[in-house]
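**Q** have a look at this prediction, sequence included:
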Amino acid sequence: MKAKAIARANIALAKYWGKSDDALNLPAVPSVSLTLDPLITETTVEFDPSLESDVFELDGERARPSELGRVSALLDEVRAAAGVEAHAHVASVNRFPTAAGLASSASGFAALAGAASRAAGLDESKDTISARARRASASAARSIYGGIVELPAGEPGDDALCARPVAGADHWDLRVIVAITATGRKPIGSRAAMGESRRSSPYYAGWVDHAKASAPQITAALMDRDFERLAPLVEQSFFAMHAVGMAGVPSVLYWQPGSVAAIRAVQALRTDGLEVCATMDAGPHVKAICTAAHAGQVRAALADTPGVLDTLEAQIGPGLEVSP
Ligand code: PMV
């Protein structure tokens, strides 16, 4: 009744923002991501009949009730599928800063979905595990697979929706340089923020139309390894997503001065001929996507940018790994 799983964060090049079905947590738009090594979460799940409730430890500390609630909801689904009644002890360790826009919810719920399924004795396909991870955090559905991964838009009620791998980790040696521009937790989580966007942003409908058209173009540019086509599409996806949030009431503004400085630094490098473009998630950090040949220069330039506190480098990695 015990298993361990490793899953990695992912970075969306075509962003998911907004839901078509809140109860099933279905995305309103398709998204495309790279699974990132070594941004790893390791999670152990043990079902234990002597426990009176689920226990969730994150980085060695008891998690907050809201975090425990989301973990227990996923465990409830696994218990129902396996006919298990015992509560579980879940221990999760992030090898990178939590809740800072580095998609720790993606690697976290992917690892949890994988470990819980195995610990409960289920022998499930990756698609089934991806769909269950999606219900907890849609971006987590993508971390089940390595390499380049798509999560289609979901029609309301389509509870089997899961991510699908598009190309392996060795398709293209892209690197991601993360420019950390703030410490501590972000002001509002992605789930609440995208709900605000849908309710109150005048740009929401335009965003959904744009994202549906742009995601297949981003996949095609990745398949063709065509950086010149890829870069403006990737930047437009994240600018449009953030513009939707900024124009909501209340406004969702994740950017810090260092975020703007880092975006400008990336764009200046591209003007100078480097293969690099920027993206941001629901947080203040800037992620520079670049070809391996240019990673050193990009990292050095970002490390030198005012407001950038630290940098880290990732490459494309494999999907979920589960062990007994
Ligand atoms: O899956 P969530 O609820 O953590 O939302 C993720 C949303 C973004 O990271 C901003 C975009 C994405 O596609 O990963």
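**A** Looks like it arrived, so ask away. Worth saying up front: this structure is predicted, and the values here are computed from it rather than measured.
**Q** so how far is the ligand from S104?
**A** Using C-beta to the nearest ligand atom, to the nearest Å, we find S104 at a distance of 9 Å from the ligand. (C-beta placed from N, C-alpha, C; glycine too.)
**Q** wait, Q267
**A** For Q267 relative to the ligand (C-beta to the nearest ligand atom), the value is 20 Å.
**Q** with A9 instead?
**A** Distance from A9 to the ligand, by C-beta to the nearest ligand atom: 9 Å.
**Q** can you pull the buried residues of the helix or strand harbouring that residue?
**A** In this structure, A9 sits in strand 2-14 according to DSSP states H and E. Judged by neighbour count (16 or more other C-beta atoms under 10 Å), strand 2-14 contains these buried residues: A3, K4, A5, I6, A7, R8, A9, N10, I11, A12, L13, A14.
**Q** report the beta-bridge partners for the fourth one.
**A** Each beta-bridge partner of I6 is listed here: E42, E321, as defined by DSSP bridges.
**Q** could you pull up the residues touching it?
**A** I6 is in contact with I40, T41, E42, T43, A111, L320, E321, counting by C-beta atoms under 8 Å, 6 or more residues apart in numbering.
**Q** quick one: contacts for the last one?
**A** Put plainly, it is E321. Counted by C-beta under 8 Å, 6+ apart, E321 has contacts A5, I6, A7, G114.
**Q** low pLDDT regions in this structure?
**A** By pLDDT under 70, the weakly predicted segments of the chain are 97-103.
**Q** up against the ligand, what does it have?
**A** 12, 15-17, 31, 103, 105, 137-139, 190-191, 281-282 (C-beta under 6 Å from any ligand atom).
**Q** the stretch 151-300 of the chain: helices as residue ranges?
**A** 190-200, 204-223, 227-246, 257-271, 295-303 (DSSP state H, counting those that start in this stretch).
**Q** out of the contacts of I6, which end up buried?
**A** In terms of neighbour count (16+ other C-beta under 10 Å), the buried residues within the contacts of I6 are I40, T41, E42, T43, A111, L320.
**Q** thought the fourth one was touching S117?
**A** It stands for T43. No: using C-beta atoms under 8 Å, T43 is not in contact with S117, being 11.6 Å away.
**Q** can you name the residue of the stretch 51-200 of the chain nearest the ligand?
**A** Nearest to the ligand, among the residues of the stretch 51-200 of the chain, is S139, at 3.3 Å (C-beta to the nearest ligand atom).
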